[in-house]
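Undergrad: 3D, please:
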Amino acid sequence: MANGVNEAEDASSSGKLGFILLVVKAAGGLTSQTESPFMKHLILRVFLVVACVPGRCFIQSSWQNDASNVNVIFDDTVLFKAKADSTIACADSCKIHTVKCRSFSYTSNTKECRGYGDPLQGRVDQANTSLWKRVCRREDYKYDPAFDTCIRFSSIGKSWFEASAWCNNDGAYLLITDTKEKQQATKSGLHSSEFRTHFRWWVGGYDYDDTSVNDFRWINGEPISDKLWSADEPSHVSEHCVNLYPSNASLNDLPCSNQEYFVCQEDLYP
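TA: From the prediction side, this is the model:
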């Protein structure tokens, strides 16, 4: 293809989870001969890792070229150094490394791949090098450093179960605020002004015991710490779903049928 590089392997026909890797090198330069709906929205210098099963493909991770850091490497916060045959192979090294990186550089003439944590420090000039950063897979999600994930606010009132299903339809799930630091970030962090647009939000906590014995857990199965609740909460045996109050950075229980705003999160490291 004249304006693109096709480095795709489609394993969807085998009936097993496979990967299609797409690279966009120039505007209009798509890398697949068959254009699916999501490909129409690819932007300049982005490549996606797409997982496929029979009849369906979904974006698994997304990398964007950092135009502000051309022909440079970084000597600090280096998670690993390795040889790689291509930019895509370097991205794959980031994915399988024990500490998954937020960005990587690839030097084409030496085939050196470097994976980085945050923040990028120790800048050094290095010719023939491009830097790539993880970005949210969907344009309506925003990266939040306190959660190290992508989040999306919905100002449409839904029950907890409807909100959970809505997030799932995005390939995401309701926000998990499982530390005091994360909860404090909703009050004073990067996106605190958006959290403050509403006084409470559904998050991904639920009481898995419908008796008077509370068994509140995050949707990943982890118990919700007593330290994360507002005073005297949880308070009612009929309130099984968890909402967040940004004003005091704490949790409360409510009836699951309440129509509330909610926040989804989409992992950067699937």
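
Undergrad: tell me which element residue 164 is part of?
TA: In this assignment (DSSP states H and E), residue 164 forms part of helix 160-169.

Undergrad: ok, then the element right after that helix?
TA: strand 173-174.

Undergrad: which parts of the helix holding residue 164 are buried?
TA: Neighbour-count burial for helix 160-169 flags 160, 162, 163, 164, 166, 167 (criterion: 16 or more other CB atoms under 10 Å). Every C-beta, even on glycine, is put in place using the N, C-alpha and C of the backbone.

Undergrad: What is the nearest of those residues to residue 108?
TA: residue 167 (39.0 Å; CB to CB).

Undergrad: hang on, isn't the closest one packed against residue 219?
TA: No - Residue 167 lies out of contact with residue 219 (CB atoms under 8 Å); the separation is 9.6 Å.

Undergrad: Give the intersection of the neighbour lists for the two.
TA: With contacts defined as CB atoms under 8 Å, 6 or more residues apart in numbering, the residues adjacent to both residue 167 and residue 219 are 173, 174.

Undergrad: For the stretch 151-270 of the chain, which segments count as strands?
TA: Counting by DSSP state E, counting those that start in this stretch, the stretch 151-270 of the chain has strands at residues 173-174, 201-207, 216-218, 241-245, 250-254, 260-266.

Undergrad: Which among those strands is found nearest to residue 114?
TA: Nearest to residue 114, of the strands of the stretch 151-270 of the chain and by CB to CB, is strand 260-266 at 25.7 Å.

Undergrad: other SSEs contacting that closest one?
TA: When contacts are defined as 3 or more CB pairs under 8 Å, 6 or more residues apart in numbering; DSSP states H and E, strand 260-266 sits against strand 149-158, helix 160-169, strand 173-174, strand 201-207.

Undergrad: mind running it again at 7 Å?
TA: strand 149-158, strand 173-174, strand 201-207 (3 or more CB pairs under 7 Å, 6 or more residues apart in numbering; DSSP states H and E).

Undergrad: before we move on, could you check phi and psi at residue 126?
TA: phi -150, psi 110 (degrees, to the nearest 10).

Undergrad: what sits up against stretch 153-166?
TA: 173-174, 194, 198, 202, 241, 256-263 (CB atoms under 7 Å, 6 or more residues apart in numbering).

Undergrad: Which one (most neighbours) among those residues?
TA: residue 202 (30 neighbours; other CB atoms under 10 Å).

Undergrad: so that residue sits right up against residue 252, yeah?
TA: No - Residue 202 is beyond contact range of residue 252, at 10.8 Å (criterion: CB atoms under 7 Å).

Undergrad: Overlap of the contact sets of these two?
TA: In terms of CB under 7 Å, 6+ apart, residue 202 and residue 252 are both contacted by the residues residue 243.

Undergrad: Flag the shaky bits of the protein, pLDDT-wise.
TA: 1-61, 212, 269-270 (pLDDT under 70).

Undergrad: Can you give me the domain assignment for it?
TA: Split into domains by automatic domain parsing, the chain comes to 12-65, 72-135, 142-266.

Undergrad: related to what we said a few turns ago, please work out which of the helices and strands packed on strand 260-266 is packed deepest.
TA: Highest mean neighbour count among those (mean count of other CB atoms under 10 Å): strand 201-207, with a mean of 26.

Undergrad: possible to save the helices and strands packed on strand 260-266 as TSV with distance to residue 75?
TA: Output for those, formatted as TSV (distance: least, CB to CB, whole Å):
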stretch	distance to residue 75
strand 149-158	27
strand 173-174	37
strand 201-207	38
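
Undergrad: Looking at these, which is nearest to residue 187?
TA: strand 201-207 (12.2 Å).

Undergrad: next one: the closest one to chain centre, how far?
TA: 19 Å (CA atoms, centre = their mean, to the nearest Å).

Undergrad: Then stretch 151-160?
TA: The chain centroid and the centroid of stretch 151-160 are separated by 17 Å under CA atoms, centre = their mean.

Undergrad: List the buried residues for whichever strand or helix holds residue 106?
TA: Taking DSSP H and E as the definition, one finds residue 106 inside strand 103-107. Buried residues in strand 103-107, counting neighbours by 16+ other CB under 10 Å, are found at 103, 104, 105, 106, 107.
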